[in-house]
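A.B. asks: got a predicted model here, sequence first, then my questions.
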Amino acid sequence: MALALRQRSILPGFGLTLGFSVLYLSLIVLIPLSVTFWKASTLGWGSFWHIVTAARAIASYEVTFGCSLVAAVVNLFFGVLTAWVLVRYTFPLKRLFDSLVDLPFALPTAVAGIALTSIYAPNGWLGRPLLALGVHAAYTRLGIVIALTFIGLPFVVRTVQPVLEDLDSELEEAAASLGAGRWQTFGRVLLPTILPAALTGFALAFARAVGEYGSVIFIAGNMPMRTEITPLLIVTKLEQYDYAGATAIAVAMLVVSFAMLLAINLLQKWSGSRLGREELEVLPIG
Amino acid sequence: MKAVLKLGFLAALAVITVGLGTLAGARAAGPSTILNVSFDPTRELYNDYNAAFAKYWKAKSGQSVSVQQSNAGSGKQARAVIDGLQADVVTLALAYDIDAIAKTAKLLPDNWQSRLPDNSTPYTSTIVFLVHKGNPKKIHDWNDLVKPGTSVIMPNPKTSGGARWNFLAAWAYALKRPGGNDASAHDFVSRLYKNVPVLDSGARGATTTFVERGIGDVLVGWESDALLAVRDLGPDKFQIVVPSISILAEPPVAVVDKVVDAKGTRAVAEAYVRYLYSPQGQDIIARHFFRPRLPAVAKKYASTFANVKLVTVDQVFGGWQKAQATFFADGAVFDQIYQPGQ
């Protein structure tokens, strides 16, 4: 078996690097996560199920996963658009705009939360005009979506950008010269190329949003059943010294997140393989 | 998923903190360093007090002492100490949080509260209302808070010690009304929380929501925070309303035995909490808007603190353990308020 593994790659150092990767992942990811599972297992199945299916917990999953999904979809569309603009056009201060994209990564989330709340609060710069239009932004689910969109913005832009940069504009010219309309070119040439990257960005933005705590608690209003996110529920349980209950909710969240990320990964793989096939079909003709 | 990772990191951080704490303890031979882990509204109080105590201790024993100060939500602080934060002294919002340290981590004996005078609470406070200047909504007492259309800002009692005092004060008011009983109090408090548009996780957060964001007609919270807000933000913006009845909030202090014995700081830590009861300590306390215990100091600052009928947790609710189980545990009264169909 060891021999078979070694023969699979012509690159040297397989054993060493695999060993290091496994150790590294274990230390950074697996050990803390398995402690979570172990702590939750002290509860017993009955009380575990009771905690994770409580009405308030279910409502918080809806808020967290629902708002994260909406924010990730918003980021998917506008992220691709932003990446497109940044790659395909030249305009003044383009470098500056390009680096602005990364700011949500660098900013402490609490700062983002406080800033967004003071802007979108009913007496804030944007909150006041929005309220005049009848839109309550801060302290509602819309506020949560705003915060999650903010912190997830860089993911789609930064995953799609390099793909677009590598994409030869000759491909589009070829499509056009073969009689494809603009929408056809977009749908059959561009979209399949950037789709896997866009989906990766979508998955990252979604995962980040699901786990986000710092920025959301300031703008959410934190009302049980309405705007209470699951991470807050976990912190609430911890503040009551209910470690087992907190880890139970964490495990439920982890399982759902993992399932959703796996699904997105499969989708991405499927779209990637579809791209490979289309390339085969397209290239000999072109 | 990040939240879970955060848990992992917190655990790692706690381990590192413990490690560093032990190292620091081993080195502290000459000048001493102690850590006071406290709750949110005492930030300014202990800044002043720590300097005064260092001077007093230097004069008394010849030893220099530097007091490190940590402030955050009371429950969060207790959890940090349970998880290994090397606190020599804890000064928290309510006895239940120090009980948790005694019971969960066994860092101090169960009878800790009887070791110092006045139930180990060198200062008290109470719950009052802060309203906009001129009191436009005519809020004078607790029953004005449950009127439809009144927006009340209070933090979440599950995460904030101060909010638990709020909750119990409102309950005590409803209970003491003519014909008041547990059912009518439950109904009163449910209606009260229906008027709360934002549940912040801590007392300072709620103050920010009310003062900076302009949300709500009234802020219910610590008297010390309200007096501070009026002094710092100006009496032309806010004013304090004192309800007919409120609760005697008793934030206790304690020396953490296991930590001071390991670090060899017992003498200085005990002097630190004892000095809070001295005339000098009491004066600093009163200047920072906590109610002093010493009659002479109380007399001097009598004009600062409103005369209000105060009930205690022990009288009305049979102590913190019972109050916690009845009202704030999972599935208890506070959770029932937010159950659907209520």
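C.D. replies: Received the coordinates, thanks.
A.B. asks: which stretches of the chain have low pLDDT?
C.D. replies: Reading this off chain A. A:1-9, A:274-286 (pLDDT under 70).
A.B. asks: you looked at the wrong chain, it should be chain B
C.D. replies: Applying pLDDT under 70 to chain B flags the ranges B:1-30, B:340-342.
A.B. asks: strands of that one, start to end?
C.D. replies: Using DSSP state E, the strands of chain B run over B:32-38, B:65-71, B:89-91, B:123-124, B:127-132, B:152-153, B:218-222, B:238-241, B:245-247, B:253-255, B:291-292, B:309-311.
A.B. asks: check which helices and strands the third one sits against.
C.D. replies: Under the contact criterion of 3 or more C-beta pairs under 8 Å, 6 or more residues apart in numbering or on different chains; DSSP states H and E, the helices and strands touching strand B:89-91 comprise strand B:32-38, helix B:74-82, strand B:253-255, helix B:266-275. The C-beta positions use only the backbone N, C-alpha and C, and glycine is treated the same way.
A.B. asks: quick one: strands adjacent to it?
C.D. replies: strand B:32-38 (parallel), strand B:253-255 (antiparallel) (DSSP bridges).
A.B. asks: the longest helix along chain A versus helix B:74-82: what angle between them?
C.D. replies: When chain A is scanned for its longest helix (criterion: DSSP state H), the result is helix A:243-285. Inter-element angle recorded for helix A:243-285 and helix B:74-82: 90 degrees (by axes from the mean of the first three to the mean of the last three C-alpha atoms, to 10 degrees).
A.B. asks: skipping its backbone neighbours, what lies nearest residue B:242 in space?
C.D. replies: Spatial nearest neighbour of residue B:242, excluding adjacent residues (C-beta to C-beta, 6 or more residues apart in numbering or on different chains): residue B:306 at 4.2 Å.
A.B. asks: could I get the strands of chain B as JSON lines with mean neighbour count and distance to residue B:176?
C.D. replies: Below are these laid out as JSON lines (neighbours: other C-beta atoms under 10 Å in any protein chain shown; distance: least, C-beta to C-beta, whole Å):
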{"stretch": "strand B:32-38", "mean neighbour count": "23", "distance to residue B:176": "31"}
{"stretch": "strand B:65-71", "mean neighbour count": "17", "distance to residue B:176": "33"}
{"stretch": "strand B:89-91", "mean neighbour count": "28", "distance to residue B:176": "30"}
{"stretch": "strand B:123-124", "mean neighbour count": "24", "distance to residue B:176": "19"}
{"stretch": "strand B:127-132", "mean neighbour count": "24", "distance to residue B:176": "15"}
{"stretch": "strand B:152-153", "mean neighbour count": "26", "distance to residue B:176": "20"}
{"stretch": "strand B:218-222", "mean neighbour count": "27", "distance to residue B:176": "17"}
{"stretch": "strand B:238-241", "mean neighbour count": "16", "distance to residue B:176": "18"}
{"stretch": "strand B:245-247", "mean neighbour count": "25", "distance to residue B:176": "6"}
{"stretch": "strand B:253-255", "mean neighbour count": "24", "distance to residue B:176": "29"}
{"stretch": "strand B:291-292", "mean neighbour count": "24", "distance to residue B:176": "21"}
{"stretch": "strand B:309-311", "mean neighbour count": "16", "distance to residue B:176": "7"}
